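1. Structure for the following, please:
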Amino acid sequence: MIENRNINIITDADGKKLVLINDIRFKAKVRDDWTAIEEYLKEYIGDFYEIEETSEKIYVSTDFPDEYASSESRITLKGAVAKAKANAAQAIPELIRIAVNRKHEVNRKEKHKTDAMFGWYRYDIRFALPVYDDKRVRVTRHNIYSASMLVRHADNDKSICMTSWQ
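-> Just a heads-up that it's a prediction; the model follows:
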């Protein structure tokens, strides 16, 4: 597991869980940032994490970092949403843990015929990032993001957590 992460799972006023990410590590404005994020994500490879709602175990495979940093859905992201996905990389275990509302989808692309033989599961996730004052000294508020976490259902019954953002 990656050390020095400042992450908490909290419950909002409506009783819904969200992941509070307390540090902004990645700016995500240039390709170099996504290369660093991809390197960071390699630390999760080979680990299993459990979704609380369903008790499913999610395995993080070797292609997760590249998929997270280089997928079609990520490349279309701009501005604050790109920065949000970049910094969400710090909280992959917690985001998996709080994932809710599982929905199955069939595989639609030929390129995933083998690695997503049994389709995909889409889950709802939420996380918050701090917004600092002009001097970057004090947190003035948090922005809350909702996203879909896409999990491949592979033929070997191991899955990879891949996050798409909508």
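2. Are we agreed that Ile92 is in a strand?
-> No - using DSSP: H, G, I helix; E, B strand; the rest coil, the secondary structure at Ile92 is helix, not a strand.
3. wouldn't it be in contact with Glu43 here?
-> No - using Cβ atoms under 8 Å, Ile92 makes no contact with Glu43, being 9.4 Å away. For glycine as for every other residue, the C-beta is placed from the backbone atoms N, C-alpha and C.
4. Helix, strand, or coil at Thr62?
-> Using three-state DSSP, the structure places Thr62 in coil.
5. excluding its backbone neighbours, what's nearest it?
-> Leaving aside its sequence neighbours, Thr62 sits nearest to Ile45 (Cβ to Cβ, 6 or more residues apart in numbering; 5.5 Å).
6. on that earlier part again, among Ile92 and Glu43, which residue is more densely surrounded?
-> Ile92 (26 against 15; other Cβ atoms under 10 Å).
7. Who are the contact partners of that one?
-> Residues near Ile92 by Cβ atoms under 8 Å, 6 or more residues apart in numbering: Leu41, Tyr44, Tyr49, Val60, Cys161.
8. Just the mean pLDDT for the helix or strand that Ile96 is a member of, thanks.
-> Using DSSP states H and E, Ile96 falls within helix 92-98. Averaging pLDDT along helix 92-98 yields 96.
9. Okay, buried residues for that helix please.
-> By 16 or more other Cβ atoms under 10 Å, the buried positions in helix 92-98 come out as Ile92, Pro93, Glu94, Leu95, Ile96, Arg97, Ile98.
10. and which of these is nearest Glu3?
-> Pro93 (12.6 Å; Cβ to Cβ).
11. Which secondary structure state is assigned to the residue lying closest to that closest one once chain neighbours are set aside?
-> With sequence-adjacent residues excluded and distances taken as Cβ to Cβ, 6+ apart, Pro93 is closest to Tyr49, at 4.9 Å. At Tyr49 the chain is in strand, as set by three-state DSSP.
12. Now do the same contact list for Tyr49.
-> Contacts of Tyr49 (Cβ under 8 Å, 6+ apart): Lys57, Ile58, Val60, Ile92, Pro93, Ile96, Arg97, Cys161.
13. likewise Ile125?
-> Neighbours of Ile125 in contact, by Cβ under 8 Å, 6+ apart: Val19, Leu95, Ile98, Ala99, Val100, Ser146, Ala147, Ser148, Met149, Thr163.
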